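> Model the following, please.
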Amino acid sequence: PDLFGKGLDSFMLNFFQDEILTQIPEMFHDAFIKLSFLDEINIDFAHQLVDIENLGDHLSKVADQNFFVYHLDDTGRMFRFHHLFQEFLQSKGRQLLEPQVISDIYRSAADYYLEHDLVERALKSLRLGEDYQRMELVIKEHGLRLISANRTVTILGILQTIPEEILLDYGWLSFFHALLTTDFHPQATLPYFHACIEKFIENGEEIGELMTRSQIIYFHFVISGRYLEGSKLLSRTRVLFESIHRKLPRDISIMVVRNLAAGFCFFDGKMDLARHYARRGCDLAERIGSKNFLAASRFILGYIGLLSGDGRRARMEIEKSYPLVSDPLVGMSNRLTLHVMQLCELSMYGRFQAFLYHKDLVLEGVDREVVRQTVAAPYLYVWSAIGLISIGKLYEALDLIEQGMFISKTASSEHMTSQLLQWRALISALQHNEQAALDDIELSTEMRNRAGGPFFIGDHLAIKGAVLAHLGRLDDGRHFLEQAAAI
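Numbering: from 1, shown residues only. Next comes the predicted model:
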């Protein structure tokens, strides 16, 4: 495959053929063609591909003569071709060499890179050789360790070059493509997770099935807001985890327990289970020294405190999360969730000015496209509007709520739309606009019943009670407030 662009034009081809290659001794032509399939020419490895004595000396001489070969170190052991000269040589190689010879070059390079723990380069070599089955095995073995070290951008770039119809045929390639895409385009991940879970179940790969189920739980928690759908996954995921967790690498265990904790917290409101799994996640993350996974577990522990009304415990977790928010070893999506937890605490406890200041920091410090694709985007509008309602600025609050309804795709989920509608209903009730308030609160109720989430149901019932009370329907208002208190 041509990963280098649209290719050379005829002028450049003729130039390299007539002006450069003719200046290089013919005995080196075959060697240069084979070596051109390497991004970097390591002399130790190059000797496995070409049988030329003192190869480093010959390459140094060509480099010194400016024949589109460059030194990469001061010892004469590392070189590379100019990318245009490299493309020219590769073009000749595809004409002169058997396809199997080229495949063997990429395979040998991958073997060498893996021996030296250069996993990203090994994956690229296998991709260039279109050895997808070997890529599947390599990323299955090494992928989670690289994610733990936040070595993800190169891997995602490689996976993104695989045609989608091929990618979906491989469970682990699809899984890691979706997992790594979560930091950049989270809404695009669900089809890949659905595809790979089918492969894992079909092949009896319980670890792959477990990891994928846990990530779909994460998707419904952070992206879709379909809490009832997410809740259906919890039982099987928990059973799978408890039956095979001793076989799992710690990285995988952390990922699964974090998502189980989130599911039991937000989908089912089972705080003892949520706290149990979140603490396991923190302990494991600290043992392996992964700040990225630690951030994910701290977020859940903080929210357990917030949703349980335990402000002291929530504040303790929030304070522990401060250094992680700006740590480069923490992925963008996990940094964003920590910000969301901190903003939620400020909103819940009425610290409106601090909330506005922190919100501006988030918008400056986190990729806005990532914010837009998660529930963080509409929540910035909801929580800002709540602050404005609290100080009587109803028209400004209404304007924010209506902007929030169209800010992103996540805002159109029933989980988020229900919240936006309930607050708009309260604003309408405070403005004595009875019919608008009733229409919004009833539609909000329908959506909340479909989306689920016990704490969000309780919040909705409390707001519904307040709406009806402000409209003078005191008995109805008391009824819904009592239902909310019972939850």
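
> burial measure for D73, as a count.
Around D73 there are 9 other residues, counting by other Cβ atoms under 10 Å. No exception for glycine: its C-beta is placed from N, CA and C like everyone else's.

> for it, helix, strand, or coil?
D73 falls in the coil class when you classify it by DSSP: H, G, I helix; E, B strand; the rest coil.

> Number the chain from 265, please
In the new numbering, first residue 265, that becomes D337.

> show me where the stretch 465-614 of the chain has helices.
Under the criterion DSSP state H, counting those that start in this stretch, helices of the stretch 465-614 of the chain are mapped to 470-483, 491-508, 514-526, 535-552, 555-571, 575-589, 596-612.

> Would you reformat those as CSV and include mean neighbour count and mean pLDDT?
Output for these, formatted as CSV (neighbours: other Cβ atoms under 10 Å; pLDDT from 0 to 100):
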stretch, mean neighbour count, mean pLDDT
helix 470-483, 23, 93
helix 491-508, 17, 96
helix 514-526, 26, 91
helix 535-552, 19, 95
helix 555-571, 25, 92
helix 575-589, 16, 92
helix 596-612, 22, 91
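
> Distance to I369 added to these, as JSON lines?
Conversion of the helices of the stretch 465-614 of the chain to JSON lines gives the following (distance: least, Cβ to Cβ, whole Å):
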{"stretch": "helix 470-483", "distance to I369": "31"}
{"stretch": "helix 491-508", "distance to I369": "39"}
{"stretch": "helix 514-526", "distance to I369": "32"}
{"stretch": "helix 535-552", "distance to I369": "36"}
{"stretch": "helix 555-571", "distance to I369": "35"}
{"stretch": "helix 575-589", "distance to I369": "43"}
{"stretch": "helix 596-612", "distance to I369": "36"}
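
> Among these, which comes closest to L285?
Between L285 and the helices of the stretch 465-614 of the chain, the shortest separation by Cβ to Cβ is 45.7 Å, and it involves helix 596-612.

> Quick check: buried residues in the following helix or strand past the closest one?
Counting by DSSP states H and E, the element after helix 596-612 in chain order, helix or strand, is helix 616-629. Across helix 616-629, burial judged by 16 or more other Cβ atoms under 10 Å covers F616, F619, H622, K623, V626.

> ok, and what's touching helix 616-629?
Contacts to helix 616-629, defined as Cβ atoms under 8 Å, 6 or more residues apart in numbering, come from residues 590, 599-600, 603, 606-607, 610-611, 635, 640, 644, 647-648, 651, 654-655.

> Rounded mean pLDDT for that helix, please.
Over the span of helix 616-629, the pLDDT mean works out to 88.

> any low-confidence regions in the stretch 315-464 of the chain?
Under the criterion pLDDT under 70, the flagged ranges of the stretch 315-464 of the chain are 412, 414.

> So which residues of it form helices?
So, for the stretch 315-464 of the chain - with DSSP H, counting those that start in this stretch - the helices run 319-328, 347-360, 363-379, 383-392, 396-412, 417-423, 428-431, 435-445, 454-467.

> For the chain, which residue occupies the most central location?
With distances taken as Cα atoms, centre = their mean, the chain has T446 as the residue nearest its mean C-alpha position (2.3 Å).

> just to revisit the earlier point, got a markdown table for the buried residues of helix 616-629, with distance to R714 too?
Below are the buried residues of helix 616-629 laid out as a markdown table (distance: Cβ to Cβ, whole Å):
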| residue | distance to R714 |
| --- | --- |
| F616 | 32 |
| F619 | 30 |
| H622 | 32 |
| K623 | 29 |
| V626 | 29 |
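
> Out of those residues, which is nearest to S355?
Within the buried residues of helix 616-629, distances to S355 taken as Cβ to Cβ reach their minimum at V626, with 48.5 Å.

> and A701, how far is that from Q686?
With distances taken as Cβ to Cβ, to the nearest Å, A701 is found 10 Å from Q686.

> neighbour count winner among the two?
Q686 (27 against 22).

> got any residues that touch both of A701 and Q686?
V731.
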